[in-house]
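# The sequence and its predicted three-dimensional model are supplied below.
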Amino acid sequence: MHNYKELKIWQKSIDLVENVFQLIADFPNSEKYGLVDQIKRSAISVPSNIAEGAGRNSNKDFGRFLSISKGSLNELNTQLIISNRLNFISNDKLNKLEKDINEIHKMIYKFNQGLEK
């Protein structure tokens, strides 16, 4: 078992959630139960699955939860692209978040490679 709070991938994912929540605070009220809800769920899913996987008894199980986290990152990125195309977020904000998402993706990949050894 791993202490998930000490994992850089978990810490960066928590930062991402915070940044995303700050961003969507300005979305139209009409999106509160649509796109905003989906964005919140996918963002929260990333560190949540890292934490859940860290509590599992095997590295194989942990790897499965890391894979789910990567899927949630892809889902979040897609929702942010949609938000940008609907003019809810600027290109600059999208690019910043995509950079963070890509960095977390790479970190999860490298961490998972270490688990498999």
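Now that the structure is in, tell me what you want to look at.
# contacts, neighbours, all on C-alpha from now
Noted.
# how close does the closest residue to residue 5 other than its chain neighbours get to residue 34?
Taking Cα to Cα, 6 or more residues apart in numbering, and ignoring the residues beside it in sequence, residue 5 has residue 11 as its nearest neighbour in space, at 6.8 Å. Distance from residue 11 to residue 34, counting by Cα to Cα, to the nearest Å: 27 Å.
# Settle it for me: which of the two has more neighbours?
The residue with more neighbours, out of residue 11 and residue 34 and counting by other Cα atoms under 10 Å, is residue 11; that gives 14 against 10.
# How is that one assigned, secondary-structure-wise?
helix (DSSP: H, G, I helix; E, B strand; the rest coil).
# Give me the pLDDT value at it.
The pLDDT attached to residue 11 in the predicted structure is 98.
# Would you mind measuring from it to residue 81?
Distance, residue 11 to residue 81, by Cα to Cα: 24 Å.
# Phi, psi for residue 57 please.
Torsion angles at residue 57 (phi, psi; degrees, to the nearest 10) stand at phi -90, psi -10.
# Tell me how many other residues surround it.
Neighbour count for residue 57, taken as other Cα under 10 Å: 11.
# From residue 27, how far off is it?
If you measure residue 57 against residue 27 using Cα to Cα, the figure is 40 Å.
# And residue 84, by the same measure?
Distance, residue 84 to residue 27, by Cα to Cα: 11 Å.
# Appreciated, that's everything.
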